[in-house]
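1. whatever this is, show me its structure:
(one chain, ligands or ions: 2)
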Amino acid sequence: MSKLPETMKALVAYTPDRYVLETDWPRPKAGPDEIIIRVEACGVCAGDVKAKHGAERFWNSYIIAPFIPGHEFVGHVVEVGSGITEFSLGDRVVSEQIVPCGQCMFCRTGRYWMCEISDVYGFKDRVNGGMAEYMRLPANARTYRIPMDMPIEKAILVEPYSCSKHAVDRAQIGLEDVVVISGCGTLGLGMVGIAHLKNPKILVALDIKDERLEKAKEFGADFAWNPMKVNIVEEIRKLTEGYGCDIYIEATGHPASVVQGMDMIRKLGRFVEFSVFGAPTLLDWSIIGDQKELDILGAHLSPYCFPPVIDWIDKDRIGTRGVAELFLPIDDWEAAFRIAETGEGNAFKVVLKP
Ligand SMILES: [Zn+2]
Ligand SMILES: [Zn+2]
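-> Ligands and ions are numbered 1, 2, ... in the order given. Model prediction:
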């Protein structure tokens, strides 16, 4: 093996106003139970953009700077610690976004995705992310091998689609259900593909961008509607003899989508909330109890979802075509963050190549 360099190129976040592409940042080295990967690509997530915008919730109590952003990465193993037996040099891997502490009550009871410490790559210096040439996967990392020949356009979707799977799992979709998925960004499209695998009676996708609705139909939605153009509450009632949808999965992060969902969901329905919101939602809570007796379910991260999602993506059982198309060199990180935020050029997932 050729000797690895001592320094590397890395996007380093010091403060919301100070993100610097460092060219001689120290390369991480593997401790006994750690792995170092050469990053092949790293997607830009809405969470990365929110951190860049200085989201108070992140910077006040969560972020430990300086850090390297990025939790949607694919890479090749270039260094393994003495205690690593499962992985070898050259393996192509992905790793779940959270590195569980292994000690807290949630970790000890198998619910590691809600780890009290919550070390997610790309927000803290001890779990630096994939927007760098090299990256360290710490001892408790949940790492998986992916096929060497899986195109990077597909491989880069393993992390986001795994989050989609968890949200769909929470919804407990049955064959008789009319399911509405609100929001057809990368995650919403993953939900459409995975909900389609569950074969519900009717699958409806909503988004305010028509190009996204086209993609949702391609990935398995029976109907794809734009709430700006169609009275969707009325359409859903028409489809369901006036009752409303059985399941509503919220993946937009807009308060209006919550209100709309509460309106179109039937009594005793299931509402799954996946998004992070920029503003509080104003809602009459009597809908939840007195009017409809709803099940309100949250979804966070992607517990136990990586292995099946890798398999489904590999076998083309869920749609991926055209989602991750825009790859930029890490030098263009500013453009990548901008495009991830604005969606200009109809990009779904923007990916950096360090
Ligand atoms: Zn993400
Ligand atoms: Zn923990």
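
2. ligand 2 contacts on this protein?
-> 101, 104, 107, 115 (Cβ under 5 Å from the ion). Bear in mind the C-beta positions are built from the backbone N, C-alpha and C, glycine included.

3. mind listing what the third one touches?
-> By Cβ atoms under 8 Å, 6 or more residues apart in numbering, residue 107 lies in contact with 100-101, 115-116.

4. if you set the cut-off to 7 Å instead, what comes out?
-> Applying Cβ atoms under 7 Å, 6 or more residues apart in numbering, we find residue 107 in contact with 100-101, 115.

5. re the thing from before, among the residues of the chain next to ligand 2, which are in helices?
-> Mapping the residues of the chain next to ligand 2 onto helices (DSSP state H) picks out residue 107.

6. could you identify which of the residues of the chain next to ligand 2 has the most neighbours?
-> Of all those, the highest neighbour tally under other Cβ atoms under 10 Å goes to residue 115, namely 21 neighbours.

7. go ahead and confirm that residue touches residue 97.
-> No - if you go by Cβ atoms under 7 Å, residue 115 and residue 97 don't touch, sitting 11.3 Å apart.

8. return the set of buried residues in stretch 201-220.
-> Neighbour-count burial for stretch 201-220 flags 202-208, 212-213, 215-216, 219-220 (criterion: 16 or more other Cβ atoms under 10 Å).

9. to clarify, my last question referred to stretch 113-133.
-> Applying a neighbour-count criterion of 16+ other Cβ under 10 Å, one finds 113-115, 117-124, 127-133 buried in stretch 113-133.

10. cool, and stretch 218-233?
-> By neighbour count on 16+ other Cβ under 10 Å, the buried set for stretch 218-233 is 219-225, 227, 232-233.

11. check which helices and strands the helix or strand hosting residue 169 is in contact with.
-> Here residue 169, judged by DSSP states H and E, is contained in helix 158-171. Packing contacts for helix 158-171, counted by 3 or more Cβ pairs under 7 Å, 6 or more residues apart in numbering; DSSP states H and E, involve helix 186-197, strand 245-250, strand 265-273, helix 306-314.

12. dihedrals phi and psi, the nearest residue to residue 288 once chain neighbours are set aside?
-> Once flanking residues are discounted, residue 288 sits nearest to residue 294: 5.0 Å by Cβ to Cβ, 6 or more residues apart in numbering. Main-chain dihedrals, residue 294, degrees, to the nearest 10: phi -90, psi 160.

13. what's the distance between residue 294 and residue 258?
-> 12 Å (Cβ to Cβ, to the nearest Å).

14. same check on residue 23?
-> In terms of Cβ to Cβ, residue 23 sits 44 Å off from residue 258.

15. which one of these two has more residues nearby?
-> For residue 23 versus residue 258, neighbours defined as other Cβ under 10 Å are more numerous around residue 258 (21 against 10).

16. which residues are in contact with residue 352?
-> Residue 352 makes contact with 41-42, 44, 131, 328, 330, 333, 336, according to Cβ under 7 Å, 6+ apart.

17. run the angle between the host helix or strand of it and helix 186-197 for me.
-> Residue 352 belongs to strand 349-353 when assigned by DSSP H and E. Interaxial angle, strand 349-353 versus helix 186-197 (axes from the mean of the first three to the mean of the last three Cα atoms, to 10 degrees): 120 degrees.

18. mind listing what's buried along strand 349-353?
-> Using 16+ other Cβ under 10 Å as the test for burial, strand 349-353 gives 349-352.

19. residue 188 and residue 250 touch, don't they?
-> No - using Cβ under 7 Å, residue 188 makes no contact with residue 250, being 9.6 Å away.

20. quick check: which ranges of the stretch 101-250 of the chain have low pLDDT?
-> Within the stretch 101-250 of the chain, no range satisfies pLDDT under 70.

21. before we move on, the earlier item: how far off centre is the strand holding residue 352?
-> Offset of strand 349-353 from its chain centre (Cα atoms, centre = their mean, to the nearest Å): 14 Å.

22. just stretch 205-212 next, same as before
-> Remark: stretch 205-212 is offset 18 Å from the chain centroid, using Cα atoms, centre = their mean.

23. try stretch 153-171
-> That offset, for stretch 153-171, works out to 6 Å (Cα atoms, centre = their mean).
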